[in-house]
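A.B. asks: Dropping a prediction and its sequence here:
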Amino acid sequence: MKTASLLTPLFLSAFAAVAQTPTVPSPDMQIKTAVLAAPSDKQAGAAVYGYSEKNEFISLRKGTNEFICLADDPAQKGLSVSCYHRDLEPFMKRGRELKQEGKKSKEIQDIREQEAKAKKLMMPVHPSSLFVYTAKDENYNPATGDVKDGYLRSVVYIPYATAESTGLPLKPEAPGMPWIMDPGTHRAHIMINPPAPTTATKQ
């Protein structure tokens, strides 16, 4: 009886660890949902990064155009995928590395700002796009890849741009109005957030 009581916490701990391990969709399913963030004419040729069965971040498909897409993180609820111009990859990759090291959002921003100014981190010399496609947990079926009422927002990175150099406001003054975020920094970007969907479906 005493042995059983000692084993019970160990069993529960092991069970909890298994229960917390996310189920990783197949590579094809990850690719199917990842490219939803890309313009339709770019989806077939985009490179895709996602997750292995061991939840390791890996390349799922090589690309033939200028877009890179990131599959949904199976450890997070709902759906969140993104696609961006390949010239943003050094910036994105460095962010993933720093996050893996345990750095927080503010630390990541500060480190990349310092590295960009020191020319250790190369940012695009031209405007470069990023698209993020999300859906709530109840509107996403990871088994089939079906998505209902997904939301697509657009970002255009223009390093060191300002409100004055672009003529854009620092906040949206109407639904869907472009505005500039983080002006004057390496990660200055134009935000375009359309009104939230009501009944629209993207599959």
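C.D. replies: Okay, I see it. Numbers count the residues shown, from 1 in each chain.

A.B. asks: Contact partners for the residue nearest in space to the middle of the chain?
C.D. replies: Centroid-nearest residue in the chain: residue 82, 4.6 Å away (criterion: C-alpha atoms, centre = their mean). By C-beta atoms under 8 Å, 6 or more residues apart in numbering, the contact set of residue 82 is 37, 69-70, 130-133. (C-beta placed from N, C-alpha, C; glycine too.)

A.B. asks: Tabulate the residues you listed (TSV), appending neighbour count, secondary structure and pLDDT.
C.D. replies: TSV is the format used below for the contacts of residue 82 (neighbours: other C-beta atoms under 10 Å; DSSP: H, G, I helix; E, B strand; the rest coil; pLDDT from 0 to 100):
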residue	neighbour count	secondary structure	pLDDT
37	27	helix	98
69	28	strand	98
70	22	strand	98
130	19	strand	98
131	21	strand	98
132	17	strand	98
133	23	strand	98
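
A.B. asks: just curious, which of these is nearest to residue 148?
C.D. replies: residue 133 (12.6 Å; C-beta to C-beta).

A.B. asks: residue contacts, the residue nearest to residue 61 when sequence neighbours are not counted?
C.D. replies: Leaving aside its sequence neighbours, residue 61 sits nearest to residue 48 (C-beta to C-beta, 6 or more residues apart in numbering; 4.4 Å). Residue 48 makes contacts with 30-31, 34-35, 59-61, 63, 68-71, as judged by C-beta under 8 Å, 6+ apart.

A.B. asks: All set, thanks.
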